[in-house]
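Chemist: Please find the sequence and the predicted model below.
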Amino acid sequence: MNTTTEVQGAKLTSELKNVIQDAEDLLTMAAADTGAEAVALRERVQARLLRAKDRLQDLQAAAVDRAKLAGRKADEHVHEHPWQSVGIAVGIGLLVGVLIGRR
């Protein structure tokens, strides 16, 4: 699951870099030319921006789904093993308390 997320993140990063590069090209061309080349570049930037936006929404939806799944699994575990969960929580609280107390 993490490798899929990393691959999707890398693809999204690459697409966003392309959008930024196209936007910079558009600004450079806009200063010099407002002809057909600028219109084509503007359309390309818009298309890439929409693709990047869609990918970002997909990644966000996947992250939300994974978070919900993790929450459900944690909830199930706590209901199946309540005393073990309480013991873990107490241990973590004690560890945090000791670390804070040393400062």
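Modeler: Received it, and whenever you're ready, just let me know what you need.

Chemist: Can you work out which other helices and strands pack against the lengthiest helix in the chain?
Modeler: Secondary structure assigned by DSSP state H gives helix 36-80 as the longest helix of the chain. Helices and strands touching helix 36-80, by 3 or more CB pairs under 8 Å, 6 or more residues apart in numbering; DSSP states H and E, are helix 2-32. The way it works is simple: take the backbone N, C-alpha and C, and place the C-beta from them, glycine included.

Chemist: The helix it packs on relative to helix 36-80, how many degrees between them?
Modeler: Orientation check (axes from the mean of the first three to the mean of the last three CA atoms, to 10 degrees): helix 2-32 against helix 36-80 gives 160 degrees.

Chemist: about what we covered before: how far out from the middle of the chain is the helix or strand following the longest helix of the chain?
Modeler: As assigned by DSSP states H and E, the chain's next helix or strand after helix 36-80 is helix 82-101. Relative to its chain's centre, helix 82-101 lies at 31 Å (CA atoms, centre = their mean, to the nearest Å).

Chemist: next one: stretch 78-93
Modeler: Put simply, stretch 78-93 sits 30 Å off its chain's centre (CA atoms, centre = their mean).

Chemist: Just the residues contacting it, thanks.
Modeler: His77 (CB atoms under 8 Å, 6 or more residues apart in numbering).

Chemist: buried ones in it?
Modeler: For stretch 78-93, the neighbour count (16 or more other CB atoms under 10 Å) marks no residue as buried.

Chemist: looking only at pLDDT, what's the mean for it?
Modeler: Mean pLDDT, stretch 78-93: 92.

Chemist: pull the CA atoms of that stretch into CSV?
Modeler: Listed next in CSV are the C-alpha coordinates belonging to stretch 78-93 (Å, rounded to 0.1, in the frame of the first residue of the first chain):
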residue,chain,number,x,y,z
VAL,A,78,-9.8,-2.1,21.3
HIS,A,79,-13.2,-3.9,21.5
GLU,A,80,-11.6,-7.3,21.2
HIS,A,81,-8.8,-6.6,23.7
PRO,A,82,-9.9,-3.8,26.1
TRP,A,83,-7.5,-4.5,28.9
GLN,A,84,-4.5,-4.8,26.7
SER,A,85,-5.4,-1.5,25.1
VAL,A,86,-5.7,0.1,28.5
GLY,A,87,-2.3,-1.3,29.5
ILE,A,88,-0.7,0.1,26.3
ALA,A,89,-2.3,3.5,26.9
VAL,A,90,-1.1,3.6,30.5
GLY,A,91,2.4,2.6,29.4
ILE,A,92,2.6,5.3,26.7
GLY,A,93,1.2,7.8,29.2
